[in-house]
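just a sequence and a predicted model for now, questions to come.
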Amino acid sequence: MKRLAALAGAAIVYLIAAWLVAPGFYDGFGPQQPYSWTCPPPQAGANTKPSSGHADIPVRNGTTEAYSVYTADGQIVIGFLPDSFDATGKTMVHVDITPLDTCPQPQGITFVTNIYRITADAPLKKKSNVTLLYSNLKPHPDYIYRADNPSGPWAPISGSQQGQPYTMFGSTDKLGYFAAGYIASTPPPGVVTVGGGQTLPIIVAVLIVIVVLAGLPLAVMRRRQSGAGAADDEEDGS
Amino acid sequence: MLAVEWTRALLAHDSRFIAAGLLLGGVALGLAALGWPATRLGLGRSRFAVRVIGGLALGAVLLLPAAARSGAVPLLPGGLAVVAIAVSIGEELAFRGALYAALDELGGAPLAVAGTTVLWTLAHALSHPPEFLGAVAAAGLLLGLWRWACKDLVAPIIGHVIADLAL
């Protein structure tokens, strides 16, 4: 009875502790840091607002240096090659990254990240690489999308693909608004996934039903056996 | 064990090594159980049906907080399912199996439960944000107490595998 009480107590402690954090913690398959949301989903738990970023890219001999600009929380990084900007007459090119403070969802696309606006005070001449971090709380995106205006039209940028875990990258020859997402009319990409989404409550319900249906007869059988004086078969005697 | 867990966590930062790191980490952790009799690890075959049912019950408890907040909960990429199973089994063999048995011999069940919970939590310090470690510790305590109360490792393995696959 003491053991059963200890187990029940531990289960309650676990349920409380797990309730206080966002789902997906169990074995470290998620991103290293929780995503900072502009519009947090209900299960996100405590949320910090996403950061902005700024960089002044030096111009030497009329060309800009290779440079990476990123937000303080690292959720978006844009990498520029040398001579990426038309920097005629400039000594510095200023680049800003700002998370949009609203979360428009254009028709046909489901965004799974914040929308970020990237601006520069010089025209872009070369393609630059955009890397977006996404959360484990939403389905994996299949593209990084870009638009000149948050209301659209949005188009996938070239070479959009999965990078390091929970990141997508692609290249763009224009700045503007960026977000990662998937086509809303298709199932979430990643194709083969396990658990999560609406499946999870079903999995838990099935587990509970199996435990109850199979556990009750087993408990009855054990009670009958112990009533008949069957030996306890505990194994390691600790 | 800590070195293996921290190494696999560091490898997971690079997408080229994430699956291999998890798989090799799981295997390496499992090696910790070598040399221990199965019964000392809690892997006996008696009452096997009860152990399996217990594992399903543990899996349900571990998943319940996430299931109660259904909607957009995490999706484990299919490619990671196999390595998730390897890591789950390896961690249970190492922590609730070999480490538990060693600490139990050294100082009895209280040391075994407390020691495996602390080391299990430390092992996840590099793979989880700090705010998640309380829940990780609570999961370790639950699995460790099951190991003590039922003298069984089959159920923690099953529960851990289910939880990792679904979360």
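Alright, I've got the coordinates.

hey, what's the closest residue to A:P153 other than its chain neighbours bridged with?
By the measure of CB to CB, 6 or more residues apart in numbering or on different chains, the closest residue to A:P153 outside its immediate chain neighbours is A:A147, 6.3 Å from it. For the C-beta atoms, the positions are set from N, CA and C on the backbone; glycine is no exception. Beta-bridge pairing for A:A147 (DSSP bridges): A:Y177.

which residues of chain A score low on pLDDT?
Residues of chain A meeting the criterion pLDDT under 70: A:22-33, A:43, A:45, A:161-165, A:185-198, A:222, A:226-238.

most centrally placed residue in it?
With distances taken as CA atoms, centre = their mean, the residue of chain A nearest its centroid is A:S135 (0.9 Å).

now do the SS call for it.
coil (DSSP: H, G, I helix; E, B strand; the rest coil).

helix or strand for the nearest residue to it once chain neighbours are set aside, which one?
Of all residues not flanking A:S135 in the chain, A:Y35 sits nearest, at 3.6 Å (CB to CB, 6+ apart). Assigned by DSSP states H and E, A:Y35 belongs to neither a helix nor a strand.

and if you look at A:A205?
helix A:199-227.

buried set for that helix?
A:T199, A:L200, A:P201, A:I203, A:V204, A:L207, A:I208, A:I210, A:V211, A:G215, A:L218 (16 or more other CB atoms under 10 Å in any protein chain shown).

hmm, the biggest helix by length in chain B touching chain A?
Ranked by number of residues, the top helix in chain B under DSSP state H is helix B:48-68. Yes: contact between helix B:48-68 and chain A, assessed by CB under 8 Å from any CB of the partner chain, occurs at B:49-50, B:53, B:56-57, B:59-68.

quick one: buried ones out of the residues you listed?
Here, 16+ other CB under 10 Å leaves B:50, B:53, B:56-57, B:59-68 buried among those.

between those, which sits nearest A:L81?
Comparing those against A:L81 with CB to CB places B:A66 closest, at 42.5 Å.

surely that closest one touches A:L200?
Yes: counting by CB atoms under 8 Å, A:L200 is a contact partner of B:A66 at 5.9 Å.

A:G170: what secondary structure?
For A:G170, the assignment made with three-state DSSP gives strand.

let me see the contact set for it.
A:N129, A:V130, A:Y143, A:I144, A:P156, A:I157, A:S158, A:G159, A:S160, A:Q161 (CB atoms under 8 Å, 6 or more residues apart in numbering or on different chains).

likewise for B:A67?
Contacts of B:A67 by CB under 8 Å, 6+ apart are A:L200, A:P201, A:I203, A:V204, B:V73.

can you lay out those as JSON lines showing distance to A:A180?
Listed next are those as JSON lines, based on distance: CB to CB, whole Å:
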{"residue": "A:L200", "distance to A:A180": "23"}
{"residue": "A:P201", "distance to A:A180": "26"}
{"residue": "A:I203", "distance to A:A180": "27"}
{"residue": "A:V204", "distance to A:A180": "29"}
{"residue": "B:V73", "distance to A:A180": "19"}
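
so which of the residues you listed is the closest to B:L165?
For those, the nearest to B:L165 is A:I203 (8.9 Å; CB to CB).

A:P34 versus the nearest residue to the closest one once chain neighbours are set aside, what's the distance?
Of all residues not flanking A:I203 in the chain, B:A166 sits nearest, at 5.5 Å (CB to CB, 6+ apart). For B:A166, the distance to A:P34 equals 19 Å [CB to CB, to the nearest Å].

so which residues of chain A form strands?
Under the criterion DSSP state E, strands of chain A are mapped to A:53-60, A:63-64, A:67-70, A:76-80, A:92-99, A:109-111, A:116-120, A:128-133, A:143-147, A:155-156, A:158-162, A:167-172, A:176-183, A:193-194.

the third one packs against which elements?
Using 3 or more CB pairs under 8 Å, 6 or more residues apart in numbering or on different chains; DSSP states H and E as the contact criterion, the elements in contact with strand A:67-70 are strand A:53-60, strand A:76-80, strand A:92-99.

among the ones you listed, which is the most enclosed?
Most buried of the helices and strands packed on strand A:67-70, by mean neighbour count (mean count of other CB atoms under 10 Å in any protein chain shown): strand A:76-80, with a mean of 22.

touching chain B at all, it?
No: for strand A:76-80, no contact with chain B is found by CB under 8 Å from any CB; the gap never falls below 14.9 Å.

quick one, what contacts A:D96?
A:S52, A:G53, A:H54, A:R117, A:I118, A:T119, A:A120.

the fourth one against A:D101, yeah?
No: in terms of CB under 8 Å, A:R117 does not count as a neighbour of A:D101; the distance is 10.2 Å.

between those two, which has more neighbouring residues?
A:R117 (16 against 11; other CB atoms under 10 Å in any protein chain shown).

still on that earlier bit, so what's the residue nearest to A:I203 scoring on pLDDT?
As predicted, B:A166 sits at a pLDDT of 73.

cool, B:G25 as well?
83.

show me how chain A divides into domains.
Per automatic domain parsing, the domain ranges recorded for chain A read A:2-22+A:203-237, A:27-183.

can I get these in CSV with distance to B:E5?
Shown next, in CSV, are the domains of chain A (distance: least, CB to CB, whole Å):
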stretch, distance to B:E5
domain A:2-22+A:203-237, 20
domain A:27-183, 9
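
if anything else comes up later, I'll come back, but that's it for now.
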